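**Q** Structure, please.
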Amino acid sequence: MPAVPDTRRCRCRRRCRRVRRGLLVVLTAGGAYLLARWLQARSPRTGLVWESPDPDPIPGPRDRDDGPTPVAERSITEPAGAPTATPAAPDPDGNPASWVEPVDGGCPPSHPVKAKLSSGIYHVPGGLSYDRTRPDRCYRDAAAAEADGLRAARR
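**A** Numbering: from 1, shown residues only. So this is what the prediction gives:
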């Protein structure tokens, strides 16, 4: 009796070969991704932002072209256009100052709006993060905080 070829075994080999190749591709791509992230984490960060010294809207010859110059990054702790460091004096009409320093990590009842200068956000009483916010300043109302360039919390 002649030997009958085992077609089942042949299909299994092809399937196993495809699976192995697929796993090899996935593992190679994952290794390349991890290597790129590792190299990116080890790269030096200088904190400089490159800006053009003179954006010229009209094309043509320039007197001197040295390329971009480094500009120091803005301070993270105080946003651009941050309010002054001292509270405003009371109005001549006798109204209280628009903001005061926090007392023992909280705001006094006369100034209930909590503001964080590092994020540029203010929190009103009843907001989701109001209780856990440690304020940098306390405002008498939301309008005073917005006048100092802060925005309302989203929740």
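
**Q** so where's the chain uncertain?
**A** 1-11, 44-96 (pLDDT under 70).

**Q** Which stretches in it count as helices?
**A** 7-42, 142-147 (DSSP state H).

**Q** Mean neighbour count, those helices: which tops it?
**A** Comparing the helices of the chain by mean neighbour count (mean count of other Cβ atoms under 10 Å), helix 142-147 comes out on top with a mean of 16. All C-beta spots, glycine's among them, are computed from the backbone N, C-alpha and C.

**Q** packing partners for it?
**A** strand 113-116, strand 121-123, strand 151-152 (3 or more Cβ pairs under 8 Å, 6 or more residues apart in numbering; DSSP states H and E).

**Q** Go again with 10 Å.
**A** strand 99-100, strand 113-116, strand 121-123, strand 137-139, strand 151-152 (3 or more Cβ pairs under 10 Å, 6 or more residues apart in numbering; DSSP states H and E).

**Q** Let's see it as CSV, backbone CA atoms only.
**A** Only the C-alpha atoms of helix 142-147 are listed here, as CSV (Å, rounded to 0.1, in the frame of the first residue of the first chain):
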residue,chain,number,x,y,z
ALA,A,142,-14.7,85.2,40.1
ALA,A,143,-14.7,88.5,38.2
ALA,A,144,-11.7,89.7,40.2
ALA,A,145,-9.8,86.5,39.4
GLU,A,146,-10.6,86.8,35.7
ALA,A,147,-9.4,90.4,35.7
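
**Q** How about residues contacting it?
**A** 83, 88, 97-99, 111-115, 120-124, 137-139, 141, 150-152 (Cβ atoms under 10 Å, 6 or more residues apart in numbering).

**Q** at 8 Å instead, please
**A** 98-99, 113, 115, 122, 124, 139, 152 (Cβ atoms under 8 Å, 6 or more residues apart in numbering).

**Q** which of the residues you listed has the most neighbours?
**A** Tyr122 (28 neighbours; other Cβ atoms under 10 Å).
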